[in-house]
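> Quick one: sequence and predicted model below, then my questions.
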Amino acid sequence: MEDLARDRTGARVPAERLPEAEAPCLARSARPQVVERVSRLPPFERFLEENRTTVFRYLTAAVGPIDADDVFQETFLAALRAYPRCNEAARLDRWILRIASRKAIDHHRGAGRRPIPVAAPPERPTEVDPAGLFRGGGSCKRLPGIAQTEATRAQGASHMDERLRISTQEAERRSRQAAERFRAAAPDTGLVDVAVGTMGSPVGELLVAVTPRGLAAIAFEGDDRDRVLDRLARGLSPRVLMAARATDDVRRELDEYFRGARRRFDLRLDRRLMSPFAKDVLGATARVPFGRLATYGEIAGRIGRPKAARAVGAALGANPIPIVVPCHRVIGAGGNLTGYGGGLPRKELLLRLEGSLPAA
């Protein structure tokens, strides 16, 4: 295997696209696999994964196994709505159970007001003596359900015992299904501020993040995913969710670019993760056309800071939207590729794809 360069995070990246079996992998943690999987999710989804089974078991006992799924959805949608106001030091496990309790109460109140279908009303009045209802006599026993009160209570207690006895494995399975339904439905509620998706590419797996304003971030496979997701949550909104469908346009245009079918991206950009200086630098960089190159000094001159070539390089290295904002098209004055946030092998591959790789 060819020597591998290291990118800004220290991860090793390939010089060329490799077969899947040979592709470099991120270092695996010694922690259990489920913990590793949770750690690579946005903060709210980590919270969802850590609490979904407990919440589902509680709701199964509170509203029954049939309605637990619906109330689960309402619970976590309410949590997502309020999540930006949460204090990081708060006991979120207790907080989500309070929300679940309120939703369970709302469910029972709604069920009490819900009309119950009955057969056609009788053509003649009932023969029950209304006065007998208040004498404690046998008239009450003739009313539907009254004579069965004690049996009904006993049956209800039995059902509650059954609800509480739901196994951890069953709660895990059903809560996982409920969580998937929540993820599928949440983007359509307007509550997801940052939608995240992933895609394969010749430079490795890419993570893309989209907001209502536009594309906010692209991260390479070697980047620390937890750090990237936490930056999105802190810099944009805590309501970050894995929602691939919302990133379809971005992933489609990137795929067209890598296939050689696109030379210019038609995407709106969300530049909130850029500093004012970086916005100037990356704005000038975005105007370097496909197949052309510019030097750090030239970009510095275009923004009116001719002596700031080093600062320009730092801003390009921290570009949150690589590839679409083509910082790979900026090279050293002597024609050297110098640095790149995604690693020099990726910069070389992108320039070769565009037919602008400088001669050695």
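Arrived safely.
> Could you measure from residue 347 over to residue 339?
8 Å (Cβ to Cβ, to the nearest Å). No exception for glycine: its C-beta is placed from N, CA and C like everyone else's.
> Got the phi and psi for residue 266?
Dihedral angles of residue 266 (phi, psi; degrees, to the nearest 10) stand at phi -110, psi 60.
> That one is in contact with residue 256, isn't it?
No. Using Cβ atoms under 8 Å, residue 266 is not in contact with residue 256; the gap is 10.3 Å.
> Could you check which of these two has the larger neighbour count?
Set side by side, residue 266 and residue 256 show more neighbours around residue 256, with 13 against 7, by other Cβ atoms under 10 Å.
> quick one, what contacts the more buried one?
Listed by Cβ atoms under 8 Å, 6 or more residues apart in numbering, the contact partners of residue 256 are residue 262.
> Helix or strand: which one has it?
For residue 256, the element it lies in under DSSP states H and E is helix 248-258.
> Show me which residues of that helix are buried.
250-251, 253-254, 257-258 (16 or more other Cβ atoms under 10 Å).
> ok, back up a step: when residue 347 and residue 339 are compared, which one has more neighbours?
residue 347 (24 against 19).
> How about the backbone phi and psi for residue 293?
The phi/psi pair for residue 293 (degrees, to the nearest 10) is phi -130, psi 160.
> gap between it and residue 204?
In terms of Cβ to Cβ, residue 293 sits 23 Å off from residue 204.
> cool, and residue 327?
17 Å.
> immediately after the helix holding residue 256, which helix or strand?
helix 276-285.
> how about that following helix: buried residues?
Buried residues in helix 276-285, counted by 16+ other Cβ under 10 Å: 278, 280-285.
> circling back: output the buried residues of helix 248-258 as CSV; include the columns distance to residue 218.
Listed next are the buried residues of helix 248-258 as CSV, based on distance: Cβ to Cβ, whole Å:
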residue, distance to residue 218
250, 8
251, 10
253, 11
254, 8
257, 12
258, 13
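> Just send those residues back as CSV, with distance to residue 272 and pLDDT too.
CSV is the format used below for those (distance: Cβ to Cβ, whole Å; pLDDT from 0 to 100):
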residue, distance to residue 272, pLDDT
250, 16, 98
251, 21, 98
253, 21, 98
254, 21, 98
257, 24, 97
258, 27, 97
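> Select, from the residues you listed, the two members most distant in space.
Within the buried residues of helix 248-258, two members stand farthest from each other by Cβ to Cβ: 250 and 258, at 12.8 Å.
> and which of the buried residues of helix 248-258 is nearest residue 68?
Comparing those against residue 68 with Cβ to Cβ places residue 251 closest, at 34.6 Å.
> At the geometric centre of the protein, which residue sits there?
residue 241 (1.7 Å; Cα atoms, centre = their mean).
> Can you give the distance from the helix or strand encompassing that residue to the centre of its chain?
Using DSSP H and E, residue 241 sits within strand 240-242. In terms of Cα atoms, centre = their mean, to the nearest Å, the centre of strand 240-242 is found 1 Å from the chain centre.
> Please apply the same query to stretch 185-203.
Chain-centre distance of stretch 185-203: 6 Å, with Cα atoms, centre = their mean.
> Could you pull out the buried residues of that stretch?
186-187, 192-199, 201, 203.
> ditto for stretch 256-274
Neighbour-count burial for stretch 256-274 [16+ other Cβ under 10 Å]: 257-258, 265, 269-271, 273-274.
> residues contacting the residue lying closest to residue 347 once chain neighbours are set aside?
Among residues not flanking residue 347 along the chain, residue 340 sits closest, at 3.8 Å (Cβ to Cβ, 6 or more residues apart in numbering). Counting by Cβ under 8 Å, 6+ apart, residue 340 touches 7, 317, 327-328, 346-347.
> Give the helix, strand or coil label for residue 340.
Three-state assignment for residue 340 (DSSP: H, G, I helix; E, B strand; the rest coil): coil.
> On the pLDDT front, check it for me.
Listed pLDDT for residue 340 reads 92.
> what's the answer for residue 146, then?
For residue 146, the predicted pLDDT is 41.
> again with residue 85
We note a pLDDT of 74 for residue 85 in this prediction.
> what about residue 252, distance to residue 258?
When residue 252 is compared with residue 258 (using Cβ to Cβ), they lie 11 Å apart.
> where along the chain do the strands fall?
For the chain, strands defined by DSSP state E occupy the ranges 5-6, 12-13, 194-199, 206-211, 214-219, 240-242, 294-295, 330-331.
> and of the ones you listed, who's closest to residue 55?
Between these, strand 240-242 lies closest to residue 55; by Cβ to Cβ that is 17.3 Å.
> and residue 67, what is it in contact with?
By Cβ under 8 Å, 6+ apart, the residues touching residue 67 are 59, 107.
> Show me the helices in the protein, by range?
Here the chain has its helices, by DSSP state H, at 33-39, 43-63, 68-82, 92-113, 149-164, 168-185, 225-235, 248-258, 276-285, 296-302, 309-317, 344-354.
> What residues sit buried inside the third one?
Read that as helix 68-82. 68-69, 71-80.
> Repeat that for the fourth one.
Residues 92, 95-97, 99-100, 103-104, 107 are the ones in helix 92-113 that count as buried (16+ other Cβ under 10 Å).
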